[in-house]
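Here is my input; please provide its structure:
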Amino acid sequence: MLLLISTIIYGGGEIQMKSRNIVLAIIFSIITFGLYHLYWLIVITDESNRLANKEWQTNGLKALIFSIITFGLYAIYWSYKLGENYDYIKYDEKVNGGLLFLVLSLFGLGIVNMVLLQSAINNEIEGSY
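From the prediction side, this is the model:
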């Protein structure tokens, strides 16, 4: 498994992030009956917040706890917020990431949100944008 750890300089500070293999992340999520998916959600939330300069925003662990407490309602809202981070990271004004992530989440396709966001993070780490 190839993990690329990169240091990105944003706003005068350094950020260490890993480029994750998306296929392996999905496989691990299935093998562990969703436990890896929860970990991946926490990490991807924190990394996208850092890349979008929104470190003040709710971190991944709090988002997970709020989602459990509200029986998944907060997760739908959080999908919208991750979509906004996706817009910021991807620099794409043609797509409203918040709305896209919200609709995918409502149709039970939250894993697609994770794949899109991880792909954007990987591209940012590798400098593909």
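
which residues of this protein score low on pLDDT?
Within the chain, the set of residues satisfying pLDDT under 70 comprises 1-15, 92, 128-129.

where along it do the helices fall?
22-31, 35-51, 60-69, 73-90, 97-106, 110-126 (DSSP state H).

Turn the ones you listed into TSV, columns for mean neighbour count.
All C-beta atoms are positioned from the backbone trio N, CA, C, and that covers glycine. Below are the helices of the chain laid out as TSV (neighbours: other Cβ atoms under 10 Å):
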stretch	mean neighbour count
helix 22-31	14
helix 35-51	19
helix 60-69	16
helix 73-90	21
helix 97-106	19
helix 110-126	19
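
In TSV, list the ones you listed along with distance to residue 16.
Formatted as TSV, the helices of the chain follow (distance: least, Cβ to Cβ, whole Å):
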stretch	distance to residue 16
helix 22-31	18
helix 35-51	10
helix 60-69	16
helix 73-90	16
helix 97-106	24
helix 110-126	10
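
Can you tell me how far the most centrally placed residue in the chain is from residue 94?
Centroid-nearest residue in the chain, with Cα atoms, centre = their mean: residue 44, separated by 3.6 Å. When distance is defined by Cβ to Cβ, to the nearest Å, residue 44 is 23 Å away from residue 94.

Repeat that for residue 61.
From residue 61 to residue 94 the distance is 33 Å (Cβ to Cβ).

Likewise for residue 100?
Taken as Cβ to Cβ, the span from residue 100 to residue 94 is 11 Å.

residues shared between the contacts of the two?
Counting by Cβ atoms under 8 Å, 6 or more residues apart in numbering, no residue touches both residue 100 and residue 94.

Spit out the contact partners of the closest residue to residue 90 other than its chain neighbours.
Spatial nearest neighbour of residue 90, chain neighbours left out: residue 120 (4.8 Å); criterion: Cβ to Cβ, 6 or more residues apart in numbering. Residue 120 makes contact with 48, 86, 89, 90, according to Cβ under 8 Å, 6+ apart.

do residue 78 as well
45, 58, 63, 66, 67.

What of residue 26?
111, 115.
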